[in-house]
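S.K.: Next come a sequence and a model predicted from it.
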Amino acid sequence: MNYGFIIDNRKCIGCHACSTACKSENEVPLGVYRTWVKYVETGTYPHTRRHFQVTRCNHCANPPCVRICPVTAMYQRADGIVEFDGDVCIGCKACMQACPYDAIYIDPETHTAAKCHYCAHRVDLGLEPACVVVCPEHAIIAGDMDDPNSEISRLLAREEVVVRKPEQGTAPKLFYIDGNDAAMHPTATPRTPTTFMWADTIPLHPDNGHHGGGPSLVALAEQAAGRSAKGEPIRTPGPQGLPQPGPIQFGGKVAEHMVQVAYNAQHQIPWHWPVPAYLVTKGIGSGIFMSLALGVGLGLFAFDGLTAIVGGLFSLLFIGLTTGLLVYDLERPERFLSILLRPQWKSWLTRGAFILVGFTLVAGLWWLVELGGALGIWPGLAQGLRPLFLWLGLLLAGGTAVYTAFLFGQAEGRDLWQSPLLPMHLLVQALMVGSGFLLLLDLFLPMPGEMVQVLRALFGASLVVDILVTLLGEFGMPHASEVAAQAAHEISHGRYRHLFWWGSLVVGHLVPLALLAMGGAFPAAVAALAAIGGLYAFEHAFVMAPQEIPNS
Amino acid sequence: MSNDANISNGSKLNRLFSLFRGAPQEPEPTEETNVAGQAMPQFATVDRAPQPVEMTTVLHPDGRMSQYPPPEHWDDWVEWDGKLWPKKVARHYTLVPTVCFNCESACGLLAYVDKTTLEIKKFEGNPVHPGSRGRNCAKGPATHNQIYDTERILYPLKRVGKRGEGRWERISWEQALDEIAAKMRESRLRRTDGIMYHVGRPGEDGYTNRVIQAWGVDGHNSHTNICSSGARLGYAIWSGFDRPSPDHTNARVILLISSHLETGHYFNPHAQRIIEGKMKGAKLITMDPRLSNTASMSDVWLPTWPGSEPTVLLAIANHLIQNDLYDREFVRRWVNWEETLEAVRDGRLAIRDPELRAQIEDLRTPDFALFDRVLKDLYAEFTFERAAEESQVPVERIQEAADYIARCDGKLATHTWRSASIGNLGGWQVARCLFFLNVLTGSVGTPGGTAGNSWNKFVPKPFKTPPPNTVWSELLFPDEWPLAHYEMSFLLPHFLEEGRGTIDVYFTRVYNPVWINPDGFMWLKVLQDEEKIRCHVALTPTWNETAWFADYVLPMGHAGERHDLMSQETHAGQWIAFRQPVRRVAMERAGRKVRFTYEANPGEVWEENEFWIELSARMDPDGSLGIRQWFESPYRPGEIITVEEYYRWIFENSVPGLPEAAAQEGLTPLEYMRKYGVFEVKQENYTPYEREVAASEPRGETEAAKPNGSTPSQASMAGLRAQGFDIDERGRILKDGQAVGVMVDGEAKVGFNTPSRKLEFFSATLYDWGWTEREYTIPWVLKSHVHPDHIDREKGEMLLLPNFRLPTLIHTRSANAKWLYEISHKNPIWMHPEDAARIGVETGDLVRVETEIGYFVDSVWVTEGMKPGVIAVSHHLGRWRLQEHQGVNPGMSNLVELQHDGQGGYRLRVLHSARAWESPDPDTKRIWWKDVGVHQNLTHAVHPDPISGAHCWLQKAVAVRRAEPGDRHGDVFVDTNRSMELYRQWVALTRPASKYSPDGTRRPLWLKRPLKPTPEAYRLPTEKRQEKIPDPA
C-alpha cells in the first residue's frame, strides 16, 4: 500500500468544494486550512489566465515533519499516509518549520499540530477522502500507487506530472497534471498581497499596515551599467535569488506580464521571540561552562573555586531559563515531559532535550560537589572528579550550544537555517557570550587576573570570529536555494536590516570590540551586555527572516 | 471526548498550570434545545465506552475505495469520529438523502444523522442522484453551517413597535397562523388580488403555485425578472421552451455566455459535464468581459464589450450561412422558413435584394433555396471585422470560435445564464442569437446539442389541481409589458409609489428585495408604508435586510429541514429529487412520531409545505371560500392533508416507473423516495420534437426510415384525421383546437410549443404585438443601454458589471455559512491596470463609483483579467444590519446607519465592518476578516427591458474616481427622485398592450405565464383598449 494524490489541473475549476468538504469532514476551525485552492492570475489582457492549485499536505515519501517531530505525534503509516495524533502533540511547531509546503497548522482549539491526513479514518473503512468524493470534476484522484491497475497508477504512467519543490528531497506524493509554475512557486508572486480577489489578507506582522514584503522584494539590481569586452552595453548581475525590478522575471523564471495571487490560505509565523531568546540563554549557559572548562582544562588559568561556583550557578540558571523558554514556546507546555517519556530519536529536538538534560545533570552534579567542597563537605571528591566533570561537561555544553544547528538543519521549510556554518556559528556565539558574561561577573567577583586576561582574549577573539562567520553566512558562499537567498536578503536589506546592521554588527560586535580595546573591567562588562543584546538582535533576525518567505 | 476541547479557552500559561491543577472540569451544557429536546447548535458529545464495534469495510475486492456507503447500509452506518481520530471512536449514523437548497441545481445531499444524539454530523452528496452524481460544490457541505448557525431565527417573531424598528416578540405558530389567516380571509373576501407571494429561491416545483391557485388569487410574484427572464424570452420566441438544456458531455463545441464552471443554472451538474466534454475533446468558448474561472478554463475567451454578444454570434452565424456550413436539412425541416418567406412577401420582413424579393413575391410554392438566399441577404453585414470592432475582441479569436462551431457536427452545446441576457437592454436577443447557432448547426436536442428545459425536467401532477383563477393583477403583469416573460417584480415599489395598487398580505419567501434588487431604497420606502403594504410576512431561514421590515418573521427550514420535490434539466435525462427534513426522517426511522416538521428541526423552524396547508385550512375553516377542499386528504376524505400524504399520492400516481421500482425492492413508492431521495424517470432523452403525434405516448419506439418529399402523404393525414386530429393549411396538427404537432416531410411530428409548432425564425408574435422592426422579429442586434455610444470613456464614464455570482456564495443566504464567507467575503472593484493608472489608484485604494442615481465607495482590485473600460463588482456581497446584536450575522455584515434627508435622499454609512463575536460556536470568535463588501445594488436604477421586462443589470458608471476625503468604504448614497425619473424613462420605451394588442388581450396566450389565469382574464378591460397605432416601421 502506498497512497498518493493526483490533482488534475485540466479539470480543476477552482470551486473550493474540497475546501469546505474537508472543513466539514474534519471539523477544521476557521482561520486554518487542511486543503485550499490557491488562485494565481497571469498574463496580459486579453491573454490572461487564472490558475487553480489545490494545495495541501503532500504525504511525502520522506516526510521531514515526521523526522523532526520529537514525540511521534506526526508519523507515517505503513500505507504511506502521513498522520498526526493530537493527543500526543506537544505543540513545538517544529513540524511547521520542517514542512516546505505550509501544510501544517496549529489547531486553535486543541493547540496541537494538524493537517490533511488523507482522511485516514475514512480510508480505513474503504472510503475515499472527503475532498475526492465531493469534487465535481473528479480532479482529485486518490489511490494506491503500488497497485499498477489503480486509476492513480495508470494516470501517473500516462500523464506528465510535477510536484512542488522536489529539490527539498521530500519525495512528495501529491502530483499535479498541468501544474503551473507561477502557482507552484510561492516566490513567483509578491509576498502577502494587500488583498485577495474576494478575501481580506492577514498581514504577517500586525504592526505593518502595508502587509510585509517591504523593500525585500524590490530588487536592487542596476540595469545596463557596464560594457562587455566587445563593447556591448550589458546588465550588472543582480543579487542572487532576487527578481529583477519589473514584472517580467520571478524566481529565476521569465513569466507573463501579470503574476498575482488572487487567493491563498493565510499563514502565520510559528516561532517568535522565545526561540531567539532561547538561543541566547542557551549560548550564555553553555558558553560560561565552556569558557571555564576550556581555560582550566587547557591549563590557561588555574581553577578558581568562587568563579566556578558563581559562574556554574549562572550557567545552570541560564540553561534552566533555556528549558523554561522551550517549554513556554510549546503550545501544550503541560505536555513537555512527553519529549523525554516518548522520544522520537531521529528528531534533534529530542536529542537536544536529552543533551540539555544531560548537561544540566552533569553540570548540576559538578556544581553541587564543588559547592560541597567549598563548604568543606568531601573536598577531595570535588578535586578528584573535577577533570571528569570538566571534560564530560565540556562535551555536553558543546552539544548544548550546537545541537540547534542540527534541529534547524531538519527544518526543510527554512533553507537559510540549513547552513553548514551554523554549528560553528553557534559554538562561537556561545563562547562569545559565555566569556562575555564571565567578564560581567568580574565586576562583582574578585576574579584571578590571568583568568580575566584569558577571558578577554577569548571574548575578543570570538567577537572577531563571529563577525567573520556572520558576514560569511550572509555574503559569503551563495545560498543553496532561492528562498535561502531571499531570507538572507531579508536580513541584510529587508525588514530585519536594522537589527542586523545596527543591532548585531554595531552594538553586538563593533561596540564590544571597541570597549574591549579601551581596557578595564567596566567597559568589558558593558561590552558583554552589548554583545548579548547584539546576539539577540542577530538571532531574532535569523529566526524570523526565513519564516517570512512563503512556502505556499 | 478528550480533554482537548476543554483547554480551548485560556492562555498557554493556563495550560501549563493545568498540569498542577489536575483534570479539567467538564463544561456545563448550556446549549439551547429544540422542541424535540435536541441540543443545538453545537454538535453534541456522547460518552462512549470503548467497546468492540463492528465496522463495515467498503473497499472493493480489486482494491478500489468506495465513494459512499452502499444504500443497504444507510440505516445504520458506523464511521470513526473524524475529529477524535486517531483515537477510534465509532459513531452510528442513519443516512438520510435530501436536496441542496443553496442554488437552483437541486443537487443531492446525504445527511449523516447521529443515531444517538440526532445531531447532523455532515452533508455529503447523494450518490444515486442522476444530476449531481454524488458530487457537490462548496455550498453543499456548507449546508451544515446554515443549520448550526448560532444566529438563526428559531421561533416565529412578530414585530413590536413600528415597522423596521427592530423590536420583536416571540409568538407561537398557532398565533402566527391564526392572525395571518384572518388577514388573508378578510382580503380574499374583498378582492382576488390582495394577497401576494413573492419568491426568491423557490426550491420546489409547483407546490406553492398550487396553493396560490387554491386561494383563487393572482398573487404569484418571483425574482425571475432580475435573473433569467431575459434569456427565457429569447428561447421562448424560438421554441416555446424557455431555458436551454445543453448536453455538454457529448458536445464537440461548448459555447457559454455565462460562467457555468463557477455559477449558473446548473452549476455543479453542468460543470461536471462541461469538463467531461472537454476531456473528450470538446472546445470550450466563453464570452465574458471578465476573466471568470470559466473564461480562464476556455479554449477561446471572447472578452466582449457587454451588449456586443449578438453581433459576434451573428457574425459566426453569417460565416455558417455564407459558406453553406449550416445544416440545411435541419433548418428546412424544423424552421418556420415558409412563414418567413411569407413575411418577406407581404413586407413584414424587409430584405435588401429587390430581385430576391420579387422572386419571393412571384413564387407559388415556397422554395427553401429562396430562404437560404434570404438568410444570406439578411446577415451579410455581420462580418468578423464588424464583430471584432464592436466587441473589441481580436478578430482571430472570433474566427477561431467560428471555425470550431462550423465543425461541431450537430454537437453544439450552448448556454446563457444571466450575464449578457439579463445585463443589456434587448438582452433577450442574446439568447435568441445564441440559439440561432444551435438551429443552424442542427444541434437542437441532439446528442451533444442543446435541448429544451421542458424536455428534461419532470414535474409530476399533484392529487388535485385547483382551476385557473379569473383575475389579472396589474401589479404583476402591467399593461406596458405584454410580453414580459415573468412578473415585473422589481418594479413593485415603483408601482406602489405611483399608486397602481396596494397589497393586503405580502409574503416574501427566501427573498430579500431590499438587498438583492436594484434600487433597494425604493423597497425600503414602500415596505415602511403600512398603507401600501398592509401586512408583510417574511418566510426565511435567516435574517435578512427585508425581513427586518416585516410584521411577521417566520423561520423556515434549510435544505435538511423541509420537504420539496424538484427536478432540473441538468442533462439529457429526467429525474425527480425529494428534499427531506432529515432529522424528522431519522426520528421516524427510530420509531418516534412527528406531527409537524418543526418538532424535529432546531427551535421551531418549520417548512412552508405544512405551513401553507395549515394556513390555507384556517383561511377557510368551513370551506365556504372554496379553498379548504384543495387541502383535504385524498386518503382521508374531509380531513386536512398531511405533507406525507401529499407526496405519497404523487409518488404512487404521477411518477411513471416509480411504483414498479419501489415494488422491486419491496418498498412503497414513498418509502423508496424516503430511502433514496431521488428517482430517475428517463435516462436519455434526445430530439423529442421528432416524436410522432399519436394518441398514446410513443416512448421508446424506434422511428422508421422517413420518406422524402415535402407534401404530406394522403394516407398518414387520413389516419390522423381518423384519430380525431385536424390539420390546418400550415400543416399544423390540431386537437380540440389546440396545435399538438406539425407535418414534417409527410410525417406527423410533435414539434415545438410555438404557434407554428416549428422553431420560429421570424416571430409573428413580436410583429403582431407592435415590435415590427427587423431587429425584433428575427434574431438581430439591439442597441444596449451600455453600448459604447452611451459610455464616454473620455469623460471618465465606464461600464459597471455587477451581475455575476461567485462559486462559493448563495445570493442572500451566504452570510450564515462561515466556511463560504471565509473563502469569499468582499467584493472589490475589478479594474484593468490601464483604467487604474488613468484615475491613479492601485489595488486596495478606495474609489467612488457614481451611477445614474447615486454612488458607492469600494476598494479596487487591479487585474489584467478585466476588459478595459469595464469595471466589475459582484453583487453577491455587502450585507448589513441595523442593530449590533440582531439581524444578519456580525461576522458577515456591516453594522450600518440609514439616513433619510426627507427629500428622497438616502444614505447608508458603515459604522463598523465585520467582527468576531462570542457564541456557542467557538468559530465565531475566530472570524479574522473585516471587509464584507459594499451593497452596490442600492445605487442601481431600475432598467426594465420594454419587451422581456427583465431588469437590465449593467450600469453606466457616470464617474469612477478616487474616493473623496471623508468617503468611507461602504458608503452609499441614492436620490430616489432620480430613481423614479429613470424608472419613467424606461417605462416610456414600452409598447403597451392597450395600444398594441392585436386581439384585445393582455398577452399572447401561447407564451408561458406563471399561474396562467383563464382566457377570459386575458381580455383587456374595455376602457383600456385603444385604437391600434400604425406600425412605427
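M.R.: Arrived safely, thanks for sending.
S.K.: rest of the way, CA atoms for contacts and neighbours
M.R.: Will do.
S.K.: Nearest spatial neighbour of the residue in the stretch 201-350 of chain A positioned nearest to chain B, chain-adjacent residues omitted?
M.R.: Nearest residue of the stretch 201-350 of chain A to chain B (C-alpha to the nearest C-alpha) works out as A:E334 at 4.4 Å. Nearest residue to A:E334, sequence neighbours excluded (C-alpha to C-alpha, 6 or more residues apart in numbering or on different chains): B:L16, at 4.4 Å.
S.K.: Quick check: which element contains that neighbour?
M.R.: B:L16 is part of helix B:12-21, with elements assigned from DSSP states H and E.
S.K.: Show me which helix runs longest in the chain.
M.R.: With no chain named, the answer covers chain A. The longest helix of chain A (DSSP state H) is helix A:379-409.
S.K.: looking at chain B here, not the other one
M.R.: helix B:173-190.
S.K.: May I have that helix as CSV, with CA atoms only?
M.R.: Taking C-alpha atoms only, helix B:173-190 is exported to CSV below (Å, rounded to 0.1, in the frame of the first residue of the first chain):
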residue,chain,number,x,y,z
TRP,B,173,-47.1,29.0,15.4
GLU,B,174,-50.7,28.9,16.5
GLN,B,175,-50.9,32.6,16.9
ALA,B,176,-49.0,33.3,13.7
LEU,B,177,-51.3,31.0,11.7
ASP,B,178,-54.5,32.4,13.2
GLU,B,179,-53.6,36.1,12.8
ILE,B,180,-52.2,35.8,9.2
ALA,B,181,-55.1,33.5,8.1
ALA,B,182,-57.6,36.0,9.4
LYS,B,183,-56.0,38.8,7.4
MET,B,184,-55.9,36.7,4.3
ARG,B,185,-59.5,35.7,4.7
GLU,B,186,-60.5,39.3,5.2
SER,B,187,-58.6,40.3,2.0
ARG,B,188,-59.9,37.4,0.0
LEU,B,189,-63.5,38.2,0.9
ARG,B,190,-63.0,41.7,-0.5
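S.K.: which strands and helices sit next to that helix?
M.R.: Counting contacts by 3 or more C-alpha pairs under 8 Å, 6 or more residues apart in numbering or on different chains; DSSP states H and E, helix B:173-190 packs against strand B:195-199, strand B:503-509, helix B:608-619.
S.K.: picking up where we left off before, contacts only, for the residue of the stretch 201-350 of chain A closest to chain B.
M.R.: B:15-19 (C-alpha atoms under 8 Å, 6 or more residues apart in numbering or on different chains).
S.K.: will you turn those residues into a markdown table that also has pLDDT?
M.R.: Shown next, in a markdown table, are those (pLDDT from 0 to 100):
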| residue | pLDDT |
| --- | --- |
| B:R15 | 82 |
| B:L16 | 81 |
| B:F17 | 80 |
| B:S18 | 76 |
| B:L19 | 73 |
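S.K.: What number of residues are in the vicinity of B:R185?
M.R.: Neighbour count for B:R185, taken as other C-alpha atoms under 10 Å in any protein chain shown: 19.
S.K.: residues from the stretch 851-1000 of chain B in reach of chain A?
M.R.: Contact residues, the stretch 851-1000 of chain B versus chain A (C-alpha under 8 Å from any C-alpha of the partner chain): B:861, B:863-867, B:923, B:926-931.
S.K.: Look at residue 538 and say how many residues are nearby.
M.R.: With no chain named, the answer covers chain A. 26.
S.K.: My question was about chain B, not that one.
M.R.: B:A538 sits with 29 neighbouring residues when counted by other C-alpha under 10 Å.
S.K.: again, but for the one 3 residues further on
M.R.: Summarising burial for B:P541: neighbours were counted as other C-alpha under 10 Å, giving 26.
S.K.: In the stretch 451-552 of chain A, what residue lies closest to chain B?
M.R.: Taking C-alpha to the nearest C-alpha, chain B has its nearest neighbour within the stretch 451-552 of chain A at A:S552, 16.6 Å off.
S.K.: how much space is there between the closest residue to that residue other than its chain neighbours and A:V261?
M.R.: The shortest distance from A:S552 to any non-neighbouring residue, by C-alpha to C-alpha, 6+ apart, is to A:P186 (5.1 Å). Taking C-alpha to C-alpha, to the nearest Å as the measure, A:P186 falls 9 Å from A:V261.
S.K.: Spell out which residues sit in contact with the closest residue to chain B within chain A, please.
M.R.: Minimum separation of chain A from chain B (C-alpha to the nearest C-alpha) falls at A:A17, amounting to 3.6 Å. By C-alpha under 8 Å, 6+ apart, the residues touching A:A17 are A:131, A:134-136, B:136-141.
S.K.: which regions of the stretch 201-350 of chain A lie under the pLDDT threshold?
M.R.: The stretch 201-350 of chain A contains residues with pLDDT under 70 at A:207-225, A:243-257.
S.K.: give the contact list for whichever residue of chain B sits closest to chain A.
M.R.: Across chain B, the shortest distance to chain A (C-alpha to the nearest C-alpha) belongs to B:A138, at 3.6 Å. Each residue near B:A138 by C-alpha under 8 Å, 6+ apart is listed here: A:15-21, B:807-808, B:820.
S.K.: now swap in B:C227 and tell me
M.R.: By C-alpha under 8 Å, 6+ apart, the neighbours of B:C227 are B:418, B:422, B:950-951.
S.K.: Compare these and tell me which has the most neighbours.
M.R.: Result: B:A950 is most packed of the contacts of B:C227 (other C-alpha under 10 Å), 37 neighbours.
S.K.: Excluding sequence neighbours, find me the nearest residue to it.
M.R.: Nearest to B:A950 is B:N225, by C-alpha to C-alpha, 6+ apart, at 4.4 Å.
S.K.: State the distance from the one you found to B:L233.
M.R.: Applying C-alpha to C-alpha, the value for B:N225 to B:L233 is 11 Å.
S.K.: So which residues of the stretch 151-300 of chain A form helices?
M.R.: Secondary structure of the stretch 151-300 of chain A (DSSP state H, counting those that start in this stretch): helices located at A:151-158, A:181-184, A:274-297.
S.K.: Would you mind putting these into TSV with distance to chain B alongside?
M.R.: Below are the helices of the stretch 151-300 of chain A laid out as TSV (distance: least, C-alpha to the nearest C-alpha, whole Å):
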stretch	distance to chain B
helix A:151-158	9
helix A:181-184	15
helix A:274-297	13
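S.K.: and those, which is most packed in?
M.R.: Comparing these on average neighbours per residue, with mean count of other C-alpha atoms under 10 Å in any protein chain shown, the densest one is helix A:274-297 at a mean of 26.
S.K.: mind saving the C-alpha coords of it as CSV?
M.R.: Provided in CSV are the C-alpha atoms of helix A:274-297 (Å, rounded to 0.1, in the frame of the first residue of the first chain):
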residue,chain,number,x,y,z
PRO,A,274,11.1,32.8,22.7
VAL,A,275,13.2,31.0,20.1
PRO,A,276,15.9,33.6,19.6
ALA,A,277,15.7,34.3,23.3
TYR,A,278,16.3,30.6,24.0
LEU,A,279,19.3,30.7,21.6
VAL,A,280,20.8,33.5,23.6
THR,A,281,20.2,32.0,27.0
LYS,A,282,21.5,28.6,25.8
GLY,A,283,24.6,30.3,24.4
ILE,A,284,25.3,32.0,27.7
GLY,A,285,24.6,28.9,29.8
SER,A,286,26.7,26.6,27.7
GLY,A,287,29.3,29.4,27.0
ILE,A,288,30.0,30.1,30.6
PHE,A,289,30.7,26.4,31.3
MET,A,290,32.8,26.0,28.1
SER,A,291,34.9,29.1,28.8
LEU,A,292,35.7,27.9,32.3
ALA,A,293,36.2,24.3,31.4
LEU,A,294,38.4,25.1,28.4
GLY,A,295,40.5,27.6,30.4
VAL,A,296,41.0,25.2,33.2
GLY,A,297,41.2,22.1,31.0
